[in-house]
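**Q** I would like the atomic coordinates for the input below:
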Amino acid sequence: MSVPDVGRLDAETFGRVVLGPILAEFCLRLWLFERFLQGDKAVLLFCARGGLRLRLAYERFLDRTALPQRVPHADLMVSRLVAARTAFDPPSPGVLSELEREFSGQSMAEIAAALAQRDDLDLPPPWHAPFEAVTFIALLAGDEPGVVALHRAVAEQDGLFRAHLAACTGGRRHGVLVDTGLYGSTVRILQEGIPDRQWSGLQFARCNYKGLPTPHFARTFGLSVESDAYKPWEVRTSALRFWQLIEACLEPDLASVRTFTAGADGAAPRANLQVPGWESRVAPEQPGLFSGVLAAIDGLAPESLHRVPQDAARAWHQLKDAVVWPDAQAVATLSLGHRSRDFGRTELRAQFAGPGAASPLKQIRESLWREGAVIRTFPRGGRLALSLIELIYAGRALRSEMRALHRRER
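**A** So this is what the prediction gives:
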């Protein structure tokens with residue numbers, strides 16, 4: 001079979017030829033993992049937003065390959081913000097770690113506004129200082145009206161989420177979160193906030209890029225990628241060089257989950273994401289990466305199931321070629337829209353830093369896809385720069401491997 005030049009593919013064809021086989025392999029591995037969940041009172045909870053498309057791809061995969069579904073599936077309206085409310089009073093270690101990382105340099109009043117999804121809390125002056133965990137905990141113990149309103153708003157939203165969770169699980173106590181990745185913050189925080197349930201995570205990729213404690217990694221698995229960094233000799237880790245590509249493919253054009261409203265006549269609460277017709281918007285409306293993925297899965301059949309691993313092995317090499325060694329056409333094909341910062345905020349971040357950066361090198365460092373930024377900035381000499389970048393990452397990965405080896409030998 002001839003292998004197309006990935007640098008010459010449009011977005012939909014790239015999705016079909018490259019990302020489609022990779023996600024078909026993910027679906028196969030997820031189905032194999034379901035065997036261990038039978039009789040475990042488990043339910044696969046596909047997490048908004050990326051998990052919604054993973055469910056669509058997975059269930060279509062099962063249909064095309066005639067593989068049986070072994071455990072129930074449900075869409076879980078959740079986000080790190082929603083999970084943080086379950087472990088807010090008092091804030092758990094996982095919540096504090098996330099807040100410190102996500103809101104570095106921002107005020108505790110801004111954090112409170114994000115958690116409550118209100119901008120009228122009228123908090124006392126100490127709240128307007130930059131976040132500091134010990135101070136934040138102390139301020140939460142205050143009895144000022146704004147602090148009381150914060151607690152009330154968080155508790156109300158948490159109660160609605162727990163009612164939604166109960167409706168999704170149907171009495172099953174083991175929630176298996178299916179999501180894109182990477183660190184698995186939602187799994188960690190839900191373990192802390194709702195410890196009377198059993199939690200696990202099945203992700204496309206697992207990576208501790210945050211450098212935070214990983215108590216949840218014992219029950220969180222990356223079915224396609226497991227690595228804390230890019231390693232040039234492990235082709236699958238190339239996904240970590242441009243993780244936003246995976247997110248852009250799998251996240252539908254729907255809002256991140258921030259709030260819930262009570263359902264009418266005893267119905268389950270509804271999230272802000274669940275606008276009229278939201279289900280139809282999970283599938284792509286226009287040709288693009290994910291429509292290509294679905295086309296690849298639609299081409300499967302029971303008799304072609306054995307080819308999924310070998311097709312994925314080829315596709316992983318093509319993904320690395322496109323992401324780590326892009327040319328100008330690949331950069332054009334894989335250019336994405338702005339990415340959301342999330343965690344209750346609406347600010348967006350551009351894929352490539354704008355010309356306002358102080359220097360071309362700073363533009364590259366501040367871009368979400370550095371290899372793509374190199375080719376954009378240096379169209380002629382970019383290939384040499386990509387080789388230098390690869391050498392740098394190889395050196396970092398080797399040092400990390402050596403340190404890990406020394407720790408194991410002690």
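
**Q** Which other helices and strands does the longest strand seen in the chain contact?
**A** In terms of residue count, the longest strand belonging to the chain (DSSP state E) is strand 198-206. The contact analysis (3 or more Cβ pairs under 8 Å, 6 or more residues apart in numbering; DSSP states H and E) places strand 198-206 against helix 20-34, strand 174-179, helix 185-193, strand 220-226, helix 243-250. Yep, even glycine has a C-beta here, placed from its N, CA and C like the rest.

**Q** Any idea which of those gets closest to V82?
**A** With Cβ to Cβ as the measure, helix 185-193 is the member of those nearest V82 (8.3 Å).

**Q** Residue ranges in this structure under the pLDDT threshold?
**A** 1-8, 338-349, 353-358, 410 (pLDDT under 70).

**Q** hmm, try it at 50
**A** Counting by pLDDT under 50, the low-confidence segments of the chain come to 1-2.

**Q** for the stretch 201-350 of the chain, what spans make up the strands?
**A** 220-226, 260-261, 270-271, 339-340, 348-349 (DSSP state E, counting those that start in this stretch).

**Q** excluding its backbone neighbours, what's nearest R80?
**A** Once flanking residues are discounted, R80 sits nearest to S185: 5.0 Å by Cβ to Cβ, 6 or more residues apart in numbering.

**Q** wait, the one you found sits on E98?
**A** Yes - in this structure S185 lies within contact range of E98 using Cβ atoms under 8 Å: 5.7 Å.

**Q** ranges for the helices of the stretch 1-150 of the chain?
**A** 11-14, 20-34, 50-65, 80-86, 93-102, 108-116, 133-140, 145-169 (DSSP state H, counting those that start in this stretch).

**Q** if we can go back for a sec, looking at the strands of the stretch 201-350 of the chain, which is closest to G288?
**A** strand 339-340 (15.5 Å).

**Q** if we can go back for a sec, as JSON lines, the strands of the stretch 201-350 of the chain with mean neighbour count would be great.
**A** Listed next are those as JSON lines, based on neighbours: other Cβ atoms under 10 Å:
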{"stretch": "strand 220-226", "mean neighbour count": "20"}
{"stretch": "strand 260-261", "mean neighbour count": "18"}
{"stretch": "strand 270-271", "mean neighbour count": "22"}
{"stretch": "strand 339-340", "mean neighbour count": "16"}
{"stretch": "strand 348-349", "mean neighbour count": "12"}
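
**Q** will you turn these into TSV that also has distance to R172?
**A** Below are the strands of the stretch 201-350 of the chain laid out as TSV (distance: least, Cβ to Cβ, whole Å):
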stretch	distance to R172
strand 220-226	19
strand 260-261	21
strand 270-271	20
strand 339-340	31
strand 348-349	37
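
**Q** Minimum distance to H73: which of these has it?
**A** strand 220-226 (15.8 Å).

**Q** Report all helices and strands that that closest one contacts.
**A** Strand 220-226 packs on helix 20-34, strand 198-206, going by 3+ Cβ pairs under 8 Å, 6+ apart.

**Q** Point out the most buried one among these.
**A** A comparison of those by mean neighbour count, using mean count of other Cβ atoms under 10 Å, puts strand 198-206 on top with a mean of 24.

**Q** Look at E366 and say how many residues are nearby.
**A** 17 (other Cβ atoms under 10 Å).

**Q** same thing with the one 3 residues further on?
**A** Taking other Cβ under 10 Å as the neighbour definition, W369 ends up with a count of 23.

**Q** wouldn't it be in contact with A330 here?
**A** No - using Cβ under 8 Å, W369 is not in contact with A330, being 10.4 Å away.

**Q** what's in contact with the longest strand of the chain?
**A** Residues from elsewhere that reach strand 198-206 (Cβ atoms under 8 Å, 6 or more residues apart in numbering): 23, 26, 30, 33, 42, 44, 54, 173-184, 186-187, 190-191, 216-217, 219-226, 239-240, 243, 246, 250.

**Q** Could you list the paired strands of that strand along with their orientation?
**A** strand 174-179 (parallel), strand 220-226 (parallel) (DSSP bridges).

**Q** Run the angle between that strand and helix 243-250 for me.
**A** Interaxial angle, strand 198-206 versus helix 243-250 (axes from the mean of the first three to the mean of the last three Cα atoms, to 10 degrees): 110 degrees.

**Q** and strand 198-206 with helix 50-65, angle?
**A** Using the same axes, to 10 degrees: strand 198-206 against helix 50-65 is 80 degrees.

**Q** Pull the distance from strand 198-206 to the chain's centre.
**A** Relative to the centre of its chain, strand 198-206 is centred 11 Å away, using Cα atoms, centre = their mean, to the nearest Å.

**Q** for stretch 42-53, same thing?
**A** On Cα atoms, centre = their mean, the centre of stretch 42-53 falls 11 Å from the chain's centre.

**Q** As CSV, could you dump the C-alpha coordinates of it?
**A** What follows is stretch 42-53 as a C-alpha-only set of coordinates in CSV (Å, rounded to 0.1, in the frame of the first residue of the first chain):
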residue,chain,number,x,y,z
ALA,A,42,-18.6,0.2,36.6
VAL,A,43,-19.8,2.7,34.0
LEU,A,44,-17.7,4.4,31.3
LEU,A,45,-18.2,8.2,31.8
PHE,A,46,-17.2,10.0,28.7
CYS,A,47,-16.1,13.5,29.9
ALA,A,48,-17.1,16.7,28.3
ARG,A,49,-15.8,17.9,26.0
GLY,A,50,-13.2,15.7,24.3
GLY,A,51,-14.8,12.6,25.8
LEU,A,52,-18.0,13.3,23.9
ARG,A,53,-16.3,12.7,20.6
